[in-house]
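Asker: After the sequence you'll find the predicted model.
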Amino acid sequence: MENHASVIAVQATLDAAGARTADGSAPRVIILDEAVHTAAAAAAALGVSVGQIANSLVFDADGEPLLVLTSGAHRVDTAKVAAALGVAKLRRASPEFVREHTGQPIGGVAPLGHPRPVRTLIDTALGRYPEVWAAGGVPRAIFRTTYDELVRVTAGTPAEVA
């Protein structure tokens, strides 16, 4: 699993960006014993608050991919996000659309390591936590980071998405 192409791409992107965790160390993608398809499952496996999990949700925004990294404690308000972005239609993307634009499967989509940049919004609620966790490219992979680093390494836009 550590050699999965998506995990390698995520780790390489973190390394190339010079990403750091709250303690100043370089983040490492770790592989959990079991897949964690939900924020609650990831939080339980890590022993952290569900709000510290950065859910990676891919939407189809008028035919273009939009990645929303939201706190596991929130649900995305699609009408609010669509209005803020000025898109006519914002809907959850199909598994095929997600894989086409991220190279990663639903349940493991990382905030980075995609074949091409994906427009990204990052839930400002994640900023409440000194440490956050994000998917590492496959459902069993995850890495720790900070909100500020997540914004920096993804070139994402902070937004209220819930």
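Answerer: Cool, the structure landed.
Asker: which residue packs closest to residue 153, ignoring adjacent ones?
Answerer: Among residues not flanking residue 153 along the chain, residue 17 sits closest, at 4.3 Å (C-beta to C-beta, 6 or more residues apart in numbering). Heads up, the C-betas are built off the backbone N, CA and C, glycines and all.
Asker: Just the pLDDT at the one you found, thanks.
Answerer: The model reports residue 17 with a pLDDT of 96.
Asker: what residues are up against it?
Answerer: 112, 152, 153 (C-beta atoms under 8 Å, 6 or more residues apart in numbering).
Asker: Using a markdown table, lay out these together with distance to residue 27.
Answerer: Below are these laid out as a markdown table (distance: C-beta to C-beta, whole Å):
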| residue | distance to residue 27 |
| --- | --- |
| 112 | 11 |
| 152 | 12 |
| 153 | 9 |
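Asker: Show me which of those residues are buried.
Answerer: For the contacts of residue 17, burial is judged from neighbour counts taken by 16 or more other C-beta atoms under 10 Å, and it is met by 112, 153.
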